[in-house]
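Peer 1: Okay, predicted coordinates and the sequence, questions at the end:
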2 protein chains.
Amino acid sequence: MKKIKTRDRILGTSLQLFNSLGEPNVTTLLISDELDISPGNLYYHFKCKGDIVDELFDSFEAELLDLLAVPEDADISLDEFSFFLHLLFEAVARYRFMYQDLVNVLSRHSQLQVRFRRILKKKKAGFMALCESFRRQDMMIIDEAELLSLCEQLTLTACYWSSFDTLSHLDDRDSVDPGKGVYQMLHLILPYLADQEQQEIRLTSRRYL
Amino acid sequence: MKKIKTRDRILGTSLQLFNSLGEPNVTTLLISDELDISPGNLYYHFKCKGDIVDELFDSFEAELLDLLAVPEDADISLDEFSFFLHLLFEAVARYRFMYQDLVNVLSRHSQLQVRFRRILKKKKAGFMALCESFRRQDMMIIDEAELLSLCEQLTLTACYWSSFDTLSHLDDRDSVDPGKGVYQMLHLILPYLADQEQQEIRLTSRRYL
DNA sequence: GTCTATATGAAGATAGAC
DNA sequence: GTCTATCTTCATATAGAC
């Protein structure tokens, strides 16, 4: 049973508090209180609150870029796709504080804007690659214009589903269910799938409700 | 040329500043500065900053509820639908500060939560009514489960499109184009439309790009 | 590494004169 | 209705002892 370093405890507790109360509503004092350490101690480890946010963003970015490294020309199955969505929604949920006040957080940490946009671009490119793969395998029938708007829609939903879902239970922001989000994503691609694949998705997507 | 009352000027300028800088970043001092009045004067008209937000919410709510009073059993044409979407996106854009930091704004003004959720519900119900109308007119073919997820998706998109769009130009938050949002919405219903209506939407939706 | 005590500064809000 | 001056509160951040 090794003792977790204070620095890491600060990061963990901050993330948790940011997610459940919203980053702007979490003061350095609240964080140190929650950890039973002094504010001075917190500032020994991080020179300012923004640095905590930055470091959490680093982890978020690393996790997502890793996940989004979709192989360009592999044959992806629908099951693999569902699994990918599941991982994606879990990752987003783990750092949902970013998304819940996205414009505010990004405008107060302007160095993060470029990086966040890059992640968004990668997300969209990832969805494109996946749809192209489905198309190559004759599992999906879709023309160019609609492919673009579909991927835009997938990106938007991946971004905002968790916030949208949170709106129905703002009092208890800790409970997050990525399932319904995956369900919505699958239903976005559904109409463009071939008959057989449509049946498959109709069945598997129910598991996520 | 009648002089606009200070009270109304405060509301107008606040809305504008909230939209372009984000509500939490706009101080009462900034508002009064922008108006060339003293902070004390502002507090003569509104007893606190929250009251300004509340009153802006009142207008927002009134506008939206008015717009969303969709007749239950009328035959709606696709043109009317597009027009409705246009008005909806314009209204949302006019009060986009609410949506850009939705979770934050709602958690700091808890009396607004219930009202906001009611608007969301009405939005979804409105989309339901519209789709039912399309279905009755044999313009749309869709089963129950997909109708639900489609309307959920329409509601989500109506909510977050403007924020999502803002992400691509956070530096200039004043330029807003509702067109692309309408385009996305039309493309969401597209796959469920009958052949002839699909052609129609493919053509008209381009106007919105 | 951790604490206590304190400085700094900004935002929200009030009092009282004009 | 509007102004100036001021107060309060609170979050961020630092200094220096242990």
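Peer 2: Nice, thanks for sending it over.
Peer 1: Now do the same contact list for the most centrally placed residue in chain A.
Peer 2: Residue closest to the average C-alpha location in chain A (C-alpha atoms, centre = their mean): residue A:92, at 1.9 Å. Contacts for residue A:92 (C-beta atoms under 8 Å, 6 or more residues apart in numbering or on different chains) come out as A:99, A:158-159, A:161-162, A:178. To be clear about C-beta, it is placed using only N, CA and C from the backbone, and glycine gets the same treatment.
Peer 1: how about these in JSON lines, adding distance to residue A:128, pLDDT and secondary structure?
Peer 2: Formatted as JSON lines, the contacts of residue A:92 follow (distance: C-beta to C-beta, whole Å; pLDDT from 0 to 100; DSSP: H, G, I helix; E, B strand; the rest coil):
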{"residue": "A:99", "distance to residue A:128": "21", "pLDDT": "94", "secondary structure": "helix"}
{"residue": "A:158", "distance to residue A:128": "13", "pLDDT": "98", "secondary structure": "helix"}
{"residue": "A:159", "distance to residue A:128": "16", "pLDDT": "97", "secondary structure": "helix"}
{"residue": "A:161", "distance to residue A:128": "19", "pLDDT": "96", "secondary structure": "helix"}
{"residue": "A:162", "distance to residue A:128": "22", "pLDDT": "92", "secondary structure": "helix"}
{"residue": "A:178", "distance to residue A:128": "22", "pLDDT": "83", "secondary structure": "helix"}
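Peer 1: need the longest helix for chain A.
Peer 2: helix A:111-136 (DSSP state H).
Peer 1: So for it, mean pLDDT?
Peer 2: Helix A:111-136 shows a mean pLDDT of 97.
Peer 1: anything in that helix near chain B?
Peer 2: Yes: shown here: helix A:111-136 in contact with chain B (C-beta under 8 Å from any C-beta of the partner chain) through A:113, A:116-117, A:120.
Peer 1: Among those residues, which one has the most neighbours?
Peer 2: If you count neighbours using other C-beta atoms under 10 Å in any protein chain shown, the busiest of the residues of helix A:111-136 next to chain B is residue A:116, which has 22 neighbours.
Peer 1: and the gap between it and DNA strand C?
Peer 2: Look at residue A:116 and DNA strand C: by C-beta to the nearest atom of the strand, to the nearest Å, they are 24 Å apart.
Peer 1: And for residue A:204?
Peer 2: Distance from residue A:204 to DNA strand C, by C-beta to the nearest atom of the strand: 48 Å.
Peer 1: now residue A:64
Peer 2: Applying C-beta to the nearest atom of the strand, the value for residue A:64 to DNA strand C is 28 Å.
Peer 1: Quick check: residue A:44 is in a strand.
Peer 2: No: applying DSSP: H, G, I helix; E, B strand; the rest coil, one finds residue A:44 to be helix, outside a strand.
Peer 1: Make sure residue A:156 is indeed in a helix.
Peer 2: Yes: counting by three-state DSSP, residue A:156 is part of a helix.
Peer 1: Not counting residues beside it along the chain, what's closest to it?
Peer 2: Nearest residue to residue A:156, sequence neighbours excluded (C-beta to C-beta, 6 or more residues apart in numbering or on different chains): residue B:164, at 4.9 Å.
Peer 1: Tally up the residues packed near the one you found, please.
Peer 2: 23.
Peer 1: residues in contact with it?
Peer 2: A:156, A:159-160.
Peer 1: In chain A, what helix or strand scores lowest on average pLDDT?
Peer 2: Sorting the helices and strands of chain A by mean pLDDT, DSSP states H and E puts helix A:102-108 at the bottom, at a mean of 90.
Peer 1: near DNA strand C at all, that helix?
Peer 2: No: contact of helix A:102-108 with DNA strand C (C-beta under 7 Å from any atom of the strand) is absent, the minimum separation being 11.4 Å.
Peer 1: Of the residues of helix A:111-136 next to chain B, which is the nearest to chain B?
Peer 2: residue A:113 (5.6 Å; C-beta to the nearest C-beta).
Peer 1: For the closest one, give its distance to residue B:170.
Peer 2: Per C-beta to C-beta, to the nearest Å, residue A:113 is found 6 Å from residue B:170.
Peer 1: do the same with residue A:146
Peer 2: For residue A:146 relative to residue B:170 (C-beta to C-beta), the value is 28 Å.
Peer 1: same deal with residue A:149?
Peer 2: 23 Å.
Peer 1: So between the two, which is more surrounded?
Peer 2: residue A:149 (20 against 16).
Peer 1: And for the more buried one, nearest residue in space, chain neighbours not counted?
Peer 2: Per C-beta to C-beta, 6+ apart, closest to residue A:149 is residue B:187, 4.2 Å.
Peer 1: what do you get for residue A:61?
Peer 2: residue A:115 (6.0 Å).
Peer 1: just checking, residue A:153 touches residue A:189?
Peer 2: No: contact criterion C-beta atoms under 8 Å: residue A:153 and residue A:189 do not qualify, at 9.6 Å.
Peer 1: if we can go back for a sec, and the residue nearest to residue A:156, what element?
Peer 2: Using DSSP states H and E, residue B:164 maps to helix B:144-166.
Peer 1: Okay, buried residues for that helix please.
Peer 2: B:146-147, B:149-166 (16 or more other C-beta atoms under 10 Å in any protein chain shown).
Peer 1: Next: stretch A:187-195.
Peer 2: Within stretch A:187-195, judged by 16+ other C-beta under 10 Å, the buried ones are A:187-193.
Peer 1: swap in stretch A:164-180?
Peer 2: Buried-residue list, stretch A:164-180, by 16+ other C-beta under 10 Å: A:164-167, A:170, A:173, A:176, A:178, A:180.
Peer 1: Most proximal residue of chain A with respect to chain B?
Peer 2: Going by C-beta to the nearest C-beta, chain B is nearest to residue A:191 of chain A, at 3.4 Å.
Peer 1: contacting residues for that residue?
Peer 2: Contacts of residue A:191 by C-beta under 8 Å, 6+ apart are A:198, B:146, B:191-192.
Peer 1: again with residue A:134
Peer 2: A:76, A:78, A:81, A:140, A:189, A:193, A:197.
Peer 1: In helices only, show me those residues.
Peer 2: Those of these lying in helices (DSSP H): A:78, A:81, A:189, A:197.
Peer 1: burial measure for the second one, as a count.
Peer 2: The burial metric for residue A:81, expressed as a neighbour count using other C-beta under 10 Å, is 21.
Peer 1: Isn't it up against residue A:127?
Peer 2: No: using C-beta under 8 Å, residue A:81 makes no contact with residue A:127, being 9.8 Å away.
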